[in-house]
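S.K.: No letters, just coordinates:
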């Protein structure tokens, strides 16, 4: 008797699964943690009758490794600009041609012919921002517009610093700190970079991602981190101030792409088009506090974002910001080795 | 009679065959799920690393193994000791050792307490010890973080009491990892200790006192030798998972103070060096195996001694 019930239950389960797969039902998004507005997802779900599942990752490399391993079941991924060419080269992305979609006209011209995806054949903008300095001004009152905050920290901040565990951003700022160019092969500069990082690392407290929680709570007094997260920290704790490293700081953009082996391609395309709508793009930014690259989305954003010191780059620091590009493989290899060395 | 002997032999053969057949599913699972992957790891550790993770199949390379202990300097290309790996290895061994000692110090009196309660209440005490297991390890670790962080329970209380002026930096240090591991692995020490203490014949303790042994002598010369198998089993149960701990150092160590588990994860993730990750995994396993061998030898010796 019991096995019959079990069999019946199993049959129903199978039917239910088959049913949900056949209905217009699903979209699986693989995105950075703490980055996706639940309201945006809810809106998409109701508008298109699709059940969305969001799964987190914490670094470009983690995402790449997971998807390369196969069997992931994701439809959408949001890699950073310097990783998009790797994803394309490895054949992991679908050429979804977002440039032919209805809402593509809303994409800011600045973000159309981008070096990592000329003409936007694979990806659409998600958010863009910069890596900068966040300091609790109650702990340190000096100049914070410099990478010295975490590379040559003042005594008040030693042992209270968190540095984002993202190789390219950390190396970028350090290379700039010594006057080098991004993707440089100059061993003299790189040796200084390595030595400085090895020397500075013991003065840091952590290399972690939980800044929006720990910076306002006082666990960290200074961070080298992404501007949106620092803005969110400031909203929780007004003592937090944002600084633009005058020596040079990296600009990033994360873009939405569809995976080559996505099972819900139609829904994924719907989603791409959906987020290029200014009102929806504004929702993305309202949550994570980064700019989004869609024209006209500002008018839907909360007032505090339009004037936020973390988002509106002061003219004097505008030139110091530079877009992160993908370096040649041999340079990349060199940088990875420096990075591994400071991972003690 | 010959026929009876033959039938008996036949029946025995039949039974052996049946036993083997019955254990086939278990054996298959062990081979496919446990031993098979080990061989994959072993093979990977001898291959060249792929550009974006993975390995280059069929390309033999010893790089994975040499870089467990050695590294080539980026700038002058000389081969030196991989002090990064060695310091992580040393931290893992040191913290696992401290964890074992501390859980023993806290676990021993606990187990003694339980085993000296009246028999019908012991089960309740054992049950209480297992309560933390009801909650996911991750959640327990985050709970620990709430206790020791700068604005957490401990620091707030100490500041309120006026004992310290500014918060003690416990989070993101080795001490935080140690606290987390002691908390999480304590039950693994208490349970085997209790199991062997429960069997302890307390008449021997009384006999010791009758013969004018001091408390310390009773503990040192009667109780400890008798519960030694429990101490060893508990130590092994704590030491081995400590050595491979991943979640606790990841959360409480702040991604800066790595242990072996994190180093392995790094190689399969952003380090993009799978052969090295495989080689470190196998090294870790070899260390565990040595610890177990020592245990087995010790256990058989003490087993023989106490009959």
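M.R.: Perfect, I can see it now. What you see is a predicted model; the values in this text were computed from it and never measured.
S.K.: which residues make contact with the helix or strand encompassing residue B:126 from outside it?
M.R.: Element membership of residue B:126, judged by DSSP states H and E, is helix B:119-130. By C-beta atoms under 8 Å, 6 or more residues apart in numbering or on different chains, the surrounding residues in contact with helix B:119-130 are B:110, B:113, B:114, B:115, B:117, B:187, B:190, B:191, B:194, B:198. To be clear about C-beta, it is placed using only N, CA and C from the backbone, and glycine gets the same treatment.
S.K.: Show me how to select, in PyMOL, the buried members of those.
M.R.: The buried residues among the contacts of helix B:119-130 can be selected in PyMOL (16 or more other C-beta atoms under 10 Å in any protein chain shown) with this line:
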select buried, chain B and resi 110+114+115+187+190+191+194+198
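S.K.: Quick one, grab the pLDDT at the nearest residue to residue B:74 once chain neighbours are set aside.
M.R.: In this structure, residue B:74 finds its nearest non-sequential neighbour in residue A:337, 5.1 Å apart by C-beta to C-beta, 6 or more residues apart in numbering or on different chains. The score at residue A:337 is 81. That number is its pLDDT.
S.K.: I figured residue A:337 was touching residue B:77, is that so?
M.R.: No: proximity of residue A:337 to residue B:77 does not meet the contact threshold set by C-beta atoms under 8 Å, at 11.4 Å.
S.K.: who has more neighbours, those two?
M.R.: Regarding residue A:337 and residue B:77, a neighbour count based on other C-beta atoms under 10 Å in any protein chain shown identifies residue A:337 as having more, with 15 against 7.
S.K.: secondary structure element for the more buried one?
M.R.: Element membership for residue A:337 (DSSP H and E) is helix A:329-341.
S.K.: Burial check on the closest residue to chain A within the stretch 1-150 of chain B, number of neighbours?
M.R.: Minimum separation of the stretch 1-150 of chain B from chain A (C-beta to the nearest C-beta) falls at residue B:84, amounting to 4.0 Å. Residue neighbour count, defined by other C-beta under 10 Å, stands at 17 for residue B:84.
S.K.: now swap in residue A:294 and tell me
M.R.: By the measure other C-beta under 10 Å, the count of residues near residue A:294 is 26.
S.K.: Check the gap between it and residue B:275 for me.
M.R.: 43 Å (C-beta to C-beta, to the nearest Å).
S.K.: who in chain B is up against chain A?
M.R.: Within chain B, the residues that sit near chain A (C-beta under 8 Å from any C-beta of the partner chain) are B:51-54, B:71, B:74-75, B:83-84, B:87-88, B:149-151, B:167, B:169, B:171-172, B:254-256, B:258, B:266, B:268-273.
S.K.: Residue B:267: which element?
M.R.: helix B:260-268.
S.K.: can you list the residues that contact that helix?
M.R.: A:65, A:343, B:53, B:85, B:88-89, B:92, B:243-246, B:249-250, B:253, B:255, B:258, B:273-274, B:276-277, B:280-281, B:284.
S.K.: next structured bit after it?
M.R.: The element immediately downstream of helix B:260-268 (helix or strand, assigned by DSSP H and E) is helix B:274-306.
S.K.: quick one, what contacts residue A:59?
M.R.: Under the criterion of C-beta under 8 Å, 6+ apart, the contact partners of residue A:59 comprise A:165, A:166, B:269, B:270.
S.K.: what about residue A:325, how many residues close to it?
M.R.: Residue neighbour count, defined by other C-beta under 10 Å, stands at 14 for residue A:325.
S.K.: element containing it, please.
M.R.: Using DSSP H and E, residue A:325 falls outside every helix and strand.
S.K.: partners of the residue in chain A positioned nearest to chain B in the sheet?
M.R.: When distances are taken as C-beta to the nearest C-beta, chain A reaches nearest to chain B at residue A:206, 3.1 Å away. When bridges are assigned using DSSP bridges, the partners listed for residue A:206 are residue A:162.
S.K.: what's the burial count for it?
M.R.: Burial measure for residue A:206: 23 neighbouring residues, criterion other C-beta under 10 Å.
S.K.: Enumerate every residue touching it.
M.R.: Each residue near residue A:206 by C-beta under 8 Å, 6+ apart is listed here: A:162, A:163, A:220, B:172, B:254, B:255, B:256.
S.K.: And these, which is closest to residue A:332?
M.R.: When those are compared for distance to residue A:332 (C-beta to C-beta), residue A:163 wins out at 20.3 Å.
S.K.: Neighbours of the closest residue to that closest one other than its chain neighbours, how many?
M.R.: Taking C-beta to C-beta, 6+ apart as the measure, residue A:163 lies nearest to residue A:224, with 4.8 Å between them; neighbours along the chain are not counted. By the other C-beta under 10 Å criterion, the neighbourhood of residue A:224 contains 28 residues.
S.K.: Is residue A:224 bridged to anything, and to what?
M.R.: Beta-bridge partners of residue A:224, as defined by DSSP bridges: residue A:133, residue A:163.
S.K.: pretty sure it contacts residue A:165?
M.R.: No: at 10.5 Å, residue A:224 does not count as touching residue A:165 under the criterion of C-beta under 8 Å.
S.K.: Okay, and the residue in chain B that chain A sits nearest to sits in which element?
M.R.: Distance from chain A to each residue of chain B (C-beta to the nearest C-beta) is smallest for residue B:254, at 3.1 Å. Residue B:254 is part of no helix or strand, with elements assigned from DSSP H and E.
S.K.: Can you name the residues that contact it?
M.R.: Residue B:254 makes contacts with A:162, A:205, A:206, A:207, A:208, B:171, B:172, as judged by C-beta under 8 Å, 6+ apart.
S.K.: Next: residue A:30.
M.R.: Remark: with contacts taken as C-beta under 8 Å, 6+ apart, residue A:30 is in contact with A:55, A:57, A:63, A:66, A:67, A:72, A:74, A:76, A:77, A:78.
S.K.: Those in strands, which ones?
M.R.: The subset of those located in strands under the criterion DSSP state E comprises A:55, A:57, A:76, A:77.
S.K.: residues near residue A:155, how many?
M.R.: 8.
S.K.: Show me the contact partners of stretch B:228-245.
M.R.: With contact meaning C-beta under 8 Å, 6+ apart, stretch B:228-245 is reached by B:92-93, B:95-97, B:99-100, B:103-104, B:107-108, B:111, B:177, B:181, B:185, B:188-197, B:224, B:259-261, B:284, B:287-288, B:291-292, B:295, B:298-299, B:302-303.
S.K.: make it 6 Å
M.R.: Counting contacts by C-beta atoms under 6 Å, 6 or more residues apart in numbering or on different chains, the residues outside stretch B:228-245 that touch it are B:92, B:96, B:99-100, B:103, B:181, B:185, B:188-189, B:192-193, B:196, B:259, B:261, B:288, B:295, B:298-299, B:302.
S.K.: same thing with stretch A:64-84?
M.R.: In this structure, residues lying in contact with stretch A:64-84 by C-beta under 6 Å, 6+ apart are A:27-31, A:60, A:63, A:87, A:92, A:116-117, A:126, A:168, A:252-254, A:256-259, A:262, A:264, A:268, A:324, A:326, B:53, B:269.
S.K.: interface residues of chain A facing chain B?
M.R.: Taking C-beta under 6 Å from any C-beta of the partner chain as the contact definition, chain A meets chain B at A:59, A:61-62, A:65, A:165, A:187, A:191, A:205-208, A:217-219, A:337, A:344.
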